[in-house]
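Peer 1: this one's sequence-less:
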Ligand code: S3P
């Protein structure tokens, strides 16, 4: 099948107000928790990317009636914690690791069995990290070869609370355990090795379900009552905004305004890292929406310098490294990243694929098991294979703004998983971008 390719050339400064898509992590959770609430919830600002639509389709298959999504609005008729029905056939979650891992936690507690599959990329991703703690709660879950999907969840098991010290900082694993814990007898305790995004905890509280956090320890007691329906407004996704933060930083004379971007402290690493590199990013009109901090971001071009990225910021910026590597390639000096081995098990092996792409643009890059060294230098043009990874595709599109010749980025169809309006936003900002679609 012919792929969607982007061709991008350097051009003039970027300017304007760019409203990026709704937050992917928050959108998944909004759909799942609304489905479990007793009554009708209204979600606005929902990301209508393929990943979230996969979660919507899965919950419909589990018997939840929904209207939409249309222009980011989804009405969900929640069935309560005990109202889900056995789906007919397998649940195909496409490219979405978040859908598969979060739903694994929820489905482990249901009275029926389910089988979860995904696309080629998702079928390669590690699933034992959710299966192990769920099994210790009493769930019966089979994974495929090497601990990868398909997942077969037997269901019909009474779950018990656990105390679980997570070996990796993972919001998906934490969330899977918390969703299962809603149904488990007793008090479940999850201890994080480092903070990971806390949208599930915040949102459960918003639905009226008590969750307690003290330092790195999160506690939730099963059977503590129903989830109450809500109106929930999803902020713009900082992970999508990151491409524009880097783009405006590296193109001289640029200034972009990005309204209502999620500024959750467990997600904000990209801003801290870019600022440490010299980026000029201002947060204005800081406020809170549906339990999440939001702000308008204003970014102006600025000379960037290489830095050693503080390890504690890695989990707080885990999805933004493809964009940050482009910033590093355009910076003066060397940027050093370590402690980021998790990047090897994302939608692609992001360390390998970004290193390969950067090298082909003439950048001096050194690959390590858990990171990269990137020495900034002038970029050449060329052809880049995104490996079907949405964030790799968008990152190299941004690189094209600073390359001597055109960059052709191949296999960009999956940009629609997280940021369906990317091309429109990029063109509105002033990218010189052409799309070659079959
Ligand atoms: C996510 C958590 C992160 C992140 C992913 C979304 C979530 O994954 O990379 O894109 O919504 O919980 P891990 O939990 O594997 O770190």
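Peer 2: On my side now, so go ahead. The structure displayed is predicted, hence computed values, not measured ones.
Peer 1: Please make it C-alpha for all contacts and neighbour counts, starting now.
Peer 2: Fine.
Peer 1: residues in the stretch 301-438 of the chain within reach of the ligand, list them.
Peer 2: Counting by CA under 6 Å from any ligand atom, the residues of the stretch 301-438 of the chain close to the ligand are 318, 319.
Peer 1: switch the cut-off to 8 Å
Peer 2: Within reach of the ligand by CA under 8 Å from any ligand atom, the stretch 301-438 of the chain has these residues: 315, 318, 319, 342, 346.
Peer 1: farthest-separated two in these?
Peer 2: Spatial extent of those (CA to CA) is set by the pair 315 and 346 at 12.9 Å.
Peer 1: Please give me every residue in contact with the nearest residue to residue 211 once chain neighbours are set aside.
Peer 2: Excluding its sequence neighbours, the residue lying closest to residue 211 (CA to CA, 6 or more residues apart in numbering) is residue 220, at 5.0 Å. Shown in contact with residue 220 (CA atoms under 8 Å, 6 or more residues apart in numbering): 178, 181, 182, 187, 188, 189, 210, 211, 212.
Peer 1: Could you dump these into CSV with distance to the ligand and secondary structure added?
Peer 2: CSV is the format used below for those (distance: CA to the nearest ligand atom, whole Å; DSSP: H, G, I helix; E, B strand; the rest coil):
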residue, distance to the ligand, secondary structure
178, 12, helix
181, 16, helix
182, 17, coil
187, 22, strand
188, 19, strand
189, 17, strand
210, 19, coil
211, 17, coil
212, 18, strand
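Peer 1: Give the buried subset of those as a PyMOL selection command.
Peer 2: What follows is the PyMOL syntax for the buried subset of the contacts of residue 220, where burial is set by 16 or more other CA atoms under 10 Å:
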select buried, resi 178+181+182+187+188+189+210+211
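Peer 1: now the contacts of residue 220 in JSON lines, with pLDDT?
Peer 2: Listed next are the contacts of residue 220 as JSON lines, based on pLDDT from 0 to 100:
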{"residue": "178", "pLDDT": "98"}
{"residue": "181", "pLDDT": "98"}
{"residue": "182", "pLDDT": "98"}
{"residue": "187", "pLDDT": "98"}
{"residue": "188", "pLDDT": "98"}
{"residue": "189", "pLDDT": "98"}
{"residue": "210", "pLDDT": "98"}
{"residue": "211", "pLDDT": "98"}
{"residue": "212", "pLDDT": "98"}
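Peer 1: Between the contacts of residue 220, which sits nearest residue 251?
Peer 2: Among the contacts of residue 220, and counting by CA to CA, the member closest to residue 251 is residue 178, at 42.9 Å.
Peer 1: need the contact list for the closest one.
Peer 2: Residues near residue 178 by CA under 8 Å, 6+ apart: 105, 188, 220.
Peer 1: who does the host helix or strand of the last one pair up with?
Peer 2: Assigned by DSSP states H and E, residue 220 falls within strand 217-221. The strands that strand 217-221 pairs with in its sheet are strand 187-191 (antiparallel), strand 212-214 (antiparallel) (by DSSP bridges).
Peer 1: show me where pLDDT drops low in this structure?
Peer 2: Along the chain, segments meeting pLDDT under 70 span 1.
Peer 1: Let me see the domain layout of it.
Peer 2: The record's domain parsing of the chain by automatic domain parsing lists 5-22+235-436, 24-233.
Peer 1: From the structure, what's the count of residues near the residue in the stretch 251-400 of the chain that the ligand sits nearest to?
Peer 2: In the stretch 251-400 of the chain, the residue that lies nearest the ligand is residue 319 (5.2 Å; CA to the nearest ligand atom). Neighbour count of residue 319, defined by other CA atoms under 10 Å: 22.
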